[in-house]
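[1] here is a sequence with its predicted model. Questions after.
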Amino acid sequence: MAVGNVPFPAMPTIEGVRLGSTMAGIKKPGRRDLVVIELPEAATMAGVFTRNAFCAAPVHVAKAHLATCQSHQQTPRFWLINTGNANAGTGELGMRDAEKSCQTLAELTGVSPEAVLPFSTGVIGEPLPMETLLAGIPEALKASDSSATAWQQAGEGILTTDTLAKGASVEIEIGDKRVTINGIAKGSGMIKPNMATMLGFVLTDATIAQPLLQQLLRETVDLSFNCITVDSDTSTNDACMLAATNQSAVIESQEHIAIFRNGLQRVMTELAQSIIRDAEGATKFVTLQVDQAQTRQEALDVAFTVAHSPLVKTALYASDANWGRILAAVGRASVNDFDVNRVVIDLDEVRIVESGGRAPSYNEEAGSAVMAREDITIGIKLGRGEQSATVWTSDLSHDYVSINADYRS
């Protein structure tokens, strides 16, 4: 059950974008598991990918196809996404299978194979069921349209252990034109992105040059998907793609860039937070807010040290106000010349640590009341500078262990 369940939004149409999905039977019958997203020829595209050294075959192929298209001043026309199988740790066979899936879609649509970018998610180390996957591509194309229903079905078609589809949409005014930004994402476990989320696909009808689009993607990913963690595991298949169809307002002036960046950040942050709210076995949505650091990286180091602590995460699950676990995690973060007497730690409105120890105003009853909430903010002030960082995480429950112990069964 997701924490603070957020329903899938009604997605406005983006001209030139079509989405199709089908129940191909790649892993389980009766669930959507293959998605095709079509983009107009005039689009521009940006992408960020996992830095895991064992990155999956589709990551290699998607990066290569994107680079080939851009070297010829072209843009890929299709994203092909399957769930149920990651096609990772599959060697040369995996590369051939990823290329073959692109070739099949290309032949059906009259584009070059390089105009198709493949994405996969699911079990690592098993070959793709190619006969099943290839048979599903025509069905996904046949179902393709631009409706709000197609967006939701595409969101459902990229899930693995997720319990619900994740989408976000904003409409902003730029000049005298309305700009739409829609996004879908998947992720629930194996979440500690080192570039993006497990899989994220964001589209806008704005007109944006490719270099600026890539810059905006990296900036907004760093403040969203790169600030979430469920279990400190970076996937082999992470990818986040951003495409602009160039049908609406031109994003060029500093004023318009700022307005668009704010809208894009809202979509990225909402998608990232929805992953934490749907984290495997989660019962808590936890914000780590670190302030007064010397650098942003220092603030991130402290936040992630607390977020990754199994002792902190299990205390959160138990609603146990064992504040010493938080203090210990802060103290072991990679911070030089740490003056613990300057550190202040709060649980929401309840101060728990100051002047190197328990705050005089703290009492167990107040701390326990905060820990029992679904949404909790752990505020940490380091007393060292003016930089800040925000990280979102979840608790660690019995269900997380069960989900991952049973994942392949």
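    Yes, it's here.
[2] just give me the longest helix of this structure.
    Scanning the chain for the helix with the most residues, using DSSP state H, yields helix 254-277.
[3] and that helix, average pLDDT?
    Averaging pLDDT along helix 254-277 yields 97.
[4] buried ones in that helix?
    256-257, 259-261, 263-277 (16 or more other C-beta atoms under 10 Å). (Each C-beta comes from the backbone N, C-alpha and C, glycine too.)
[5] same deal with stretch 228-242?
    Neighbour-count burial for stretch 228-242 flags 228-231, 234-242 (criterion: 16+ other C-beta under 10 Å).
[6] ends of it, how far apart?
    One end of stretch 228-242 to the other measures 19 Å (C-alpha to C-alpha, to the nearest Å).
[7] with stretch 199-218 instead?
    15 Å.
[8] one more: stretch 33-52?
    One end of stretch 33-52 sits 24 Å from the other (C-alpha to C-alpha).
[9] likewise for stretch 199-217?
    End-to-end distance of stretch 199-217 (C-alpha to C-alpha): 14 Å.
[10] what are the buried residues along that stretch?
    Residues 199-208, 212-214, 216-217 are the ones in stretch 199-217 that count as buried (16+ other C-beta under 10 Å).
[11] just the residues you listed now: which is nearest Asp399?
    Of all the buried residues of stretch 199-217, Asp399 sits closest to Leu199, with 22.5 Å by C-beta to C-beta.
[12] may I have the phi/psi pair for the closest one?
    As for Leu199, its main-chain torsions (degrees, to the nearest 10) stand at phi -150, psi 130.
[13] identify the bridge partners of it.
    Beta-bridge partners recorded for Leu199 (DSSP bridges): Lys186, Ala239.
[14] Ala333 versus that one, what's the distance?
    Separation of Leu199 from Ala333 (C-beta to C-beta, to the nearest Å): 30 Å.
[15] same deal with Ala64?
    38 Å.
[16] which stretches in the stretch 1-150 of the chain count as strands?
    All strands of the stretch 1-150 of the chain, identified by DSSP state E, counting those that start in this stretch, fall at 18-22, 34-38, 44-49, 78-85, 116-123.
[17] which elements pack onto the first one?
    Of the remaining helices and strands, those touching strand 18-22 by 3 or more C-beta pairs under 8 Å, 6 or more residues apart in numbering; DSSP states H and E are strand 34-38, helix 130-142, helix 148-157.
[18] ranking the ones you listed by burial, who's on top?
    Compared across the helices and strands packed on strand 18-22, strand 34-38 shows the largest average neighbour count, a mean of 26 (mean count of other C-beta atoms under 10 Å).
[19] any residues touching it, and which ones?
    Residues outside strand 34-38 that contact it (C-beta atoms under 8 Å, 6 or more residues apart in numbering) are 17-24, 26, 77-83, 105, 109, 133, 136-137, 139-141, 144, 154, 157-158, 201, 203.
[20] likewise for stretch 353-370?
    Stretch 353-370 is contacted from outside by 319-321, 323, 326-327, 340-341, 343-345, 347-352, 376, using C-beta under 8 Å, 6+ apart.
[21] could you rerun that using 6 Å?
    Applying C-beta atoms under 6 Å, 6 or more residues apart in numbering, the contact partners of stretch 353-370 are Ala321, Leu327, Val340, Asn341, Val344, Ile345, Leu347, Asp348, Val350, Arg351, Ile352.
[22] ok so, going back, Ala64 and Ala333: who's more crowded?
    Shown here are Ala64 and Ala333; by other C-beta atoms under 10 Å, Ala333 has more neighbours (19 against 15).
[23] what about the more buried one, which SS state?
    Classification of Ala333 using DSSP: H, G, I helix; E, B strand; the rest coil returns coil.
[24] residue contacts, it?
    Asp301, Val302, Thr305.
[25] neighbour-wise, which one of these leads?
    In the contacts of Ala333, the most neighbours by other C-beta under 10 Å go to Val302, 26 neighbours.
[26] who touches that one in this structure?
    By C-beta under 6 Å, 6+ apart, the residues touching Val302 are Val290, Val330, Ala333.
[27] what's the helix or strand for it?
    Here Val302, judged by DSSP states H and E, is contained in helix 296-307.
[28] go through that helix and flag the buried ones.
    For helix 296-307, the neighbour count (16+ other C-beta under 10 Å) marks Glu298, Ala299, Leu300, Asp301, Val302, Ala303, Phe304, Thr305, Val306, Ala307 as buried.
[29] export the helix or strand following it to PDB, keeping only CA atoms.
    Downstream of helix 296-307, the first helix or strand assigned by DSSP H and E is helix 310-317. The C-alpha trace of helix 310-317 is given here as PDB (Å, rounded to 0.1, in the frame of the first residue of the first chain):
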ATOM      1  CA  PRO A 310      19.100   0.300   8.700                       C
ATOM      2  CA  LEU A 311      18.800   1.200  12.300                       C
ATOM      3  CA  VAL A 312      17.100   4.600  11.600                       C
ATOM      4  CA  LYS A 313      14.900   3.000   8.900                       C
ATOM      5  CA  THR A 314      13.700   0.200  11.200                       C
ATOM      6  CA  ALA A 315      13.100   2.700  14.000                       C
ATOM      7  CA  LEU A 316      10.900   4.700  11.600                       C
ATOM      8  CA  TYR A 317       8.900   1.500  10.700                       C
END
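[30] from the contacts of Ala333, which is closest to Met95?
    For the contacts of Ala333, the nearest to Met95 is Asp301 (36.2 Å; C-beta to C-beta).
[31] distance from the helix or strand bottoming out on mean pLDDT in the chain to the middle of the chain?
    Across the helices and strands of the chain, the lowest-confidence element by mean pLDDT, DSSP states H and E is helix 398-405, at a mean of 83. Centroid separation for helix 398-405 versus its chain: 21 Å, with C-alpha atoms, centre = their mean, to the nearest Å.
[32] now do it against helix 310-317, angle only.
    Per axes from the mean of the first three to the mean of the last three C-alpha atoms, to 10 degrees, the angle that helix 398-405 makes with helix 310-317 is 120 degrees.
[33] okay, and for the protein, where does confidence drop off?
    Applying pLDDT under 70 to the chain flags the ranges 1, 196-197, 407-409.
[34] which residue of it sits farthest from its center?
    Of all residues in the chain, Pro360 has its C-alpha farthest from the mean position, at 40.0 Å, by C-alpha atoms, centre = their mean.
[35] part of a strand, is it?
    No: the assignment for Pro360, made by three-state DSSP, is coil rather than a strand.
[36] for Gly155, see how far away Leu80 is.
    To Gly155, Leu80 is 16 Å away according to C-beta to C-beta.
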